[in-house]
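*Asks:* Here is a sequence together with a model predicted from it:
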Amino acid sequence: MQKVIRRTALAKAQHARKAQRRSERLAWEARKAKLGEDRERSRLVYKDIKQARITRREDWELGPLAPLRNVGSAKETYGAMEVKRIRPTEVLQDERIKFWNIVEDDRVVVLEGRDKGKIGAVKSLEKKSNTVTVEGLNMVDVQIPPFMLTNEPDKRPVRSVEMPLPLSSVRLVHALTDPDTGITRDVIVKKIVNSRIWFDKHNGVRRWTRLIPGLNVKIPWPKKEPREYKVYEIDTLRASMETRTWVPTLLTPPMPETVIDELRNKYSIFRSRHDEEYIARKVMEDEENERKKRSVEMMRTPLKEANKRARRERKKLGKGTLSREMLVRIGEVMARKRGLLAAAAAPPPPPPPPVTIIQ
């Protein structure tokens, strides 16, 4: 019995070590991915700053002769940011905010940037990056990739969207009533604390109350309108869903053979059918690769120009002729090589007979 207990204890310790190593590996991979995202974001920022400096210097040097930059392929997208720039960088798991005291539909004030001092409603939260999106504030022009405009009626390549703000850059705005004067006005709440956190077993979520420290004033959560479910004529009735319309027999399997296409990966090489969007994207990739190949072939490089001049010079010389001395020299070389080949192909001579010595 002692051996069984010992083996159990050793197994638990080994499982704990494996779990620790697994958690450390996942944390290292998360840090590595975050560093990669930070480097990519910094590269895009420095690229835009460098191009802006070059443009500013050219405009200053050329003055009225400065070129127009919103022409050609950049006619409609000049000055707009790439989509990668507006995506917030995810923070590590231990750095994420666990209990959010600012939620959607809350009124907040921006503390920095060009919209400093303006008040707006929180549009969305990004808990993986500790950022919030305020409706109508911190607007930026974003370049929309062409593949995102294929199935949309709006074909504008540039759109104005709200760029997420760090949670530290906003403060909650709440209406408080002065007990002495009875005047109600908006105040900026510098700090919010949580009350006792309790678990709502009916909804399966944690709940708490927002408080202003020092005043012990409760800040109510924004009211959410109940979700409306609309009934359409094309909706399937529950009676139709519960009606049994197919009974498997011994001659037919309980599931059709096409189920395997739905269970496999969407982009599996063994899948017998693909979605129209996937096929269209692959066709566009092939066309883009062909276009790049044609553009490379049509590009005029210094090496191609040199080869073209060399071919033109050789064409001017015309076709060469062989003189009698050259033909005689070629025949001698061919005869010598033929003799060497014949000598190499000839069988070796027989060995000499053995010599017997008589004493």
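*Replies:* It's in.
*Asks:* From now on I want contacts and neighbour counts done on CA atoms only, so please keep to that.
*Replies:* Will do.
*Asks:* For the most centrally placed residue in the chain, which non-adjacent residue is spatially closest?
*Replies:* With distances taken as C-alpha atoms, centre = their mean, the residue of the chain nearest its centroid is Lys84 (8.1 Å). The shortest distance from Lys84 to any residue other than its chain neighbours is 7.5 Å, reached at Arg41 (C-alpha to C-alpha, 6 or more residues apart in numbering).
*Asks:* Please work out the average pLDDT along the helix or strand where the one you found lies.
*Replies:* According to DSSP states H and E, Arg41 maps onto helix 2-62. Helix 2-62 shows a mean pLDDT of 84.
*Asks:* Please apply the same query to stretch 154-173.
*Replies:* Averaging pLDDT along stretch 154-173 yields 88.
*Asks:* before we move on, back to that, what pLDDT does the model give the residue nearest to the centre of the chain?
*Replies:* Model confidence at Lys84, given as pLDDT, is 78.
*Asks:* likewise Asn265?
*Replies:* Note for Asn265: predicted pLDDT of 68.
*Asks:* now Val193
*Replies:* On the pLDDT scale, Val193 gets 87.
*Asks:* my read is Arg185 is in a strand, agree?
*Replies:* Yes - counting by DSSP: H, G, I helix; E, B strand; the rest coil, Arg185 is located in a strand.
*Asks:* neighbours around it, how many?
*Replies:* Burial measure for Arg185: 11 neighbouring residues, criterion other C-alpha atoms under 10 Å.
*Asks:* so it sits right up against Pro179, yeah?
*Replies:* No - when contacts are counted by C-alpha atoms under 8 Å, Arg185 is not listed as touching Pro179 (11.8 Å).
*Asks:* circling back to that earlier point, ok, so what distance separates the residue nearest to the centre of the chain from Met163?
*Replies:* 11 Å (C-alpha to C-alpha, to the nearest Å).
*Asks:* Below-threshold pLDDT in the stretch 151-300 of the chain: ranges please.
*Replies:* Scanning the stretch 151-300 of the chain for pLDDT under 70 picks out 260-261, 264-275, 278.
*Asks:* Spell out the residue ranges of the helices in it.
*Replies:* 238-242, 259-263, 276-298 (DSSP state H, counting those that start in this stretch).
*Asks:* okay if I get those as JSON lines plus mean neighbour count?
*Replies:* Formatted as JSON lines, the helices of the stretch 151-300 of the chain follow (neighbours: other C-alpha atoms under 10 Å):
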{"stretch": "helix 238-242", "mean neighbour count": "8"}
{"stretch": "helix 259-263", "mean neighbour count": "11"}
{"stretch": "helix 276-298", "mean neighbour count": "12"}
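*Asks:* Which one of those lies nearest to Glu332?
*Replies:* Shortest separation from Glu332 across the helices of the stretch 151-300 of the chain is recorded for helix 276-298, at 44.8 Å, computed as C-alpha to C-alpha.
*Asks:* now Val132, which residues is it bridged with?
*Replies:* Beta-bridge pairing of Val132 under DSSP bridges involves Leu125, Leu165.
*Asks:* Then the one 10 residues further on?
*Replies:* According to DSSP bridges, Met81, Arg159 are recorded as the beta-bridge partners of Val142.
*Asks:* if I pick Gln143, what's in contact with it?
*Replies:* Applying C-alpha atoms under 8 Å, 6 or more residues apart in numbering, we find Gln143 in contact with 77, 80-83, 157-159.
*Asks:* If any of the residues you listed are buried, give me the ChimeraX selection for them.
*Replies:* A single ChimeraX command selects the buried members of the contacts of Gln143 (16 or more other C-alpha atoms under 10 Å):
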select :77,80,81,82,157,158,159
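*Asks:* about what we covered before: who are the packing partners of the helix holding Arg41?
*Replies:* helix 83-86 (3 or more C-alpha pairs under 8 Å, 6 or more residues apart in numbering; DSSP states H and E).
*Asks:* so how far is the helix it packs on from its chain's centroid?
*Replies:* Chain-centre distance of helix 83-86: 10 Å, with C-alpha atoms, centre = their mean, to the nearest Å.
*Asks:* what does it contact?
*Replies:* Contacts to helix 83-86, defined as C-alpha under 8 Å, 6+ apart, come from residues 41, 44-45, 142-144, 163-164.
*Asks:* Just the CA trace of it, in PDB.
*Replies:* What follows is helix 83-86, C-alpha atoms only, in PDB (Å, rounded to 0.1, in the frame of the first residue of the first chain):
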ATOM      1  CA  VAL A  83      -5.300  48.900 -40.900                       C
ATOM      2  CA  LYS A  84      -2.500  47.500 -38.900                       C
ATOM      3  CA  ARG A  85      -1.900  50.900 -37.300                       C
ATOM      4  CA  ILE A  86      -5.300  51.100 -35.700                       C
END
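*Asks:* In the following helix or strand past it, which residues are buried?
*Replies:* Later in the chain than helix 83-86, the nearest helix or strand by DSSP H and E is strand 107-110. Using 16+ other C-alpha under 10 Å as the test for burial, strand 107-110 gives 107-110.
*Asks:* And for stretch 121-136?
*Replies:* Residues 121-123, 125, 127, 129-136 are the ones in stretch 121-136 that count as buried (16+ other C-alpha under 10 Å).
*Asks:* Contacts for it, please.
*Replies:* 88-91, 96-97, 103-108, 120, 162-167.
*Asks:* How far does it sit from its chain's centre?
*Replies:* Remark: stretch 121-136 is offset 20 Å from the chain centroid, using C-alpha atoms, centre = their mean.
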